[in-house]
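*Asks:* My questions are about this predicted structure, shown below with the sequence.
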Amino acid sequence: MLYRLVYYIFAPLLALINLRQKVYNKENLPQGNYVLVAPHRTWMDPPLLALAAYPKQFGFMAKQELFKNPVGSWIIRSLHAYPVDRKNPGMSAIKGPVKMLKDTELSTIIFPTGSRYSKKMKGGALLIAKMANVPVVPAVYQGPTNLKELFSWRNRRQVAFGKPIYIDRKTKLTDEVQADLETQIQTQFDQLDHQINPNYHYQIPKK
């Protein structure tokens, strides 16, 4: 309920200050659950990608410290967040989303580079998708990267969805297989960026 309420409040508000978000290829989103993967370009990525894919709902990883306060814990759990120890993630960072993808109607969003300051992909998203037996769907976001830019009609929020990539559960994620899948994902990232804006180039921000 809270997830839907947030959508119906913030979608019109964002449209008012930054025009309506433009979404490409929404028909590519599969039925059922999936792992949405995208290059991490702004702290606003997760909600903006989730808004673009609505009415599909997503679960999110959140650092476990946010769950210590009972009221705060209730709010973020209502928004489908689940705790992860980011300092010592271990298998909880894999088992949590796998269980969610299998046992609920929630998909999840993962940034395979893990950071806005890197282009190197990690294998977590592929392993989660394989174990949960769901596809990986590449997506890209272009638009405002901070609050100041958000309050402008000149830099409109845009999201494009790629085609699902299916991983056979019997497939072993060897270095070679993983490299091939990462190449497929990156190729779609590049194609989607070009579809939105052929001249787009993401500049890695300075820390």
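*Replies:* That came in fine, so what should we check first?

*Asks:* Over to the residue nearest in space to the middle of the chain. Which of the three states is it?
*Replies:* Among the residues of the chain, the one closest to the centroid is residue 109, at 3.0 Å (C-alpha atoms, centre = their mean). Per DSSP: H, G, I helix; E, B strand; the rest coil, the secondary structure class of residue 109 is strand.

*Asks:* all helices for the protein, in order.
*Replies:* 2-18, 45-53, 70-78, 92-103, 124-132, 147-150, 175-196 (DSSP state H).

*Asks:* what's the closest of those to residue 24?
*Replies:* helix 175-196 (6.0 Å; C-beta to C-beta). Placement of C-beta: from N, CA and C, glycine included.

*Asks:* by how many degrees do that closest one and helix 124-132 diverge?
*Replies:* If you take axes from the mean of the first three to the mean of the last three C-alpha atoms, to 10 degrees, helix 175-196 sits at 110 degrees to helix 124-132.

*Asks:* buried set for helix 175-196?
*Replies:* 178, 181-182, 185, 188-189, 192-193, 196 (16 or more other C-beta atoms under 10 Å).

*Asks:* mean confidence score for it?
*Replies:* If you average the pLDDT over helix 175-196, you get 96.

*Asks:* try stretch 160-168
*Replies:* For stretch 160-168, the per-residue pLDDT averages 96.

*Asks:* now do the same end-to-end measure for that stretch.
*Replies:* 25 Å (C-alpha to C-alpha, to the nearest Å).

*Asks:* Pull the residues that contact it.
*Replies:* 23-26, 28-30, 34, 52-53, 126, 129-130, 135-140, 173, 181, 184-185, 188-189, 191-193, 195-196 (C-beta atoms under 8 Å, 6 or more residues apart in numbering).

*Asks:* Sweet, I'm off.
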